[in-house]
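# The following block contains a protein sequence and its predicted model.
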Amino acid sequence: MIPWFHFGGGDNLLFESLHPSSQGAIAGACIVLVIVALLERWVAATRATLETRWRKRSAAATEKTSEDSRPNSSSSSRAPKTLRIMAPFTPAQNIPRGAIHALQALLGYFLMLAVMTFQAGYLISVVIGLGLGEILFG
């Protein structure tokens, strides 16, 4: 591994068996890195959309529960509301949330390791892919 940015081949990319050395193989690896970076931004956008949906659903459920438990007396309108800091554990929300977060972290680490090869083409590809992904999905 060359410890400075370079455009030459010969670096392992993520796995020992993935060793692009020709210009065509490096170009193919760069295309794959752009796609992985786009995918990472898509996962981030999907995660943000789902988080908003889950937060609204949780707030609606919490509000419905508090309305159902409220007595019909006039003194109940003066009772202080309890502020919930964290939503209750809901497997239908928290398991997918954890899986999406793990996938996003995995993609981010793959991109980081590709950049850490110091192959300048990989760095440029990752930055372009992340920028395009943010434009498309951000």
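On my side now, so go ahead.
# show me where pLDDT drops low in the protein?
62, 65-81, 84 (pLDDT under 70).
# by contact count, what packs against the longest helix seen in it?
For the chain, the helix with the greatest residue count under DSSP state H is helix 23-68. Applying 3 or more Cβ pairs under 8 Å, 6 or more residues apart in numbering; DSSP states H and E, one finds that helix 23-68 contacts helix 91-115, helix 120-137. (Glycine included, C-beta is placed from N, CA and C.)
# can you give me the angle the first one makes with helix 23-68?
Helix 91-115 and helix 23-68 are oriented at 150 degrees to each other (axes from the mean of the first three to the mean of the last three Cα atoms, to 10 degrees).
# helices or strands up against helix 91-115?
helix 23-68, helix 120-137.
# Make JSON lines from these and add distance to residue 10 and mean neighbour count to it.
Shown next, in JSON lines, are the helices and strands packed on helix 91-115 (distance: least, Cβ to Cβ, whole Å; neighbours: other Cβ atoms under 10 Å):
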{"stretch": "helix 23-68", "distance to residue 10": "9", "mean neighbour count": "15"}
{"stretch": "helix 120-137", "distance to residue 10": "13", "mean neighbour count": "18"}
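# circling back to that earlier point, could you dump the helices and strands packed on helix 23-68 to CSV with distance to residue 54?
Shown next, in CSV, are these (distance: least, Cβ to Cβ, whole Å):
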stretch, distance to residue 54
helix 91-115, 5
helix 120-137, 19
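# which stretch among those helices comes nearest residue 38?
Closest to residue 38 of the helices and strands packed on helix 23-68 is helix 120-137 (Cβ to Cβ; 4.3 Å).
# that older thread, got the helices and strands packed on helix 91-115 as CSV, with distance to residue 1 columns?
Output for the helices and strands packed on helix 91-115, formatted as CSV (distance: least, Cβ to Cβ, whole Å):
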stretch, distance to residue 1
helix 23-68, 15
helix 120-137, 12
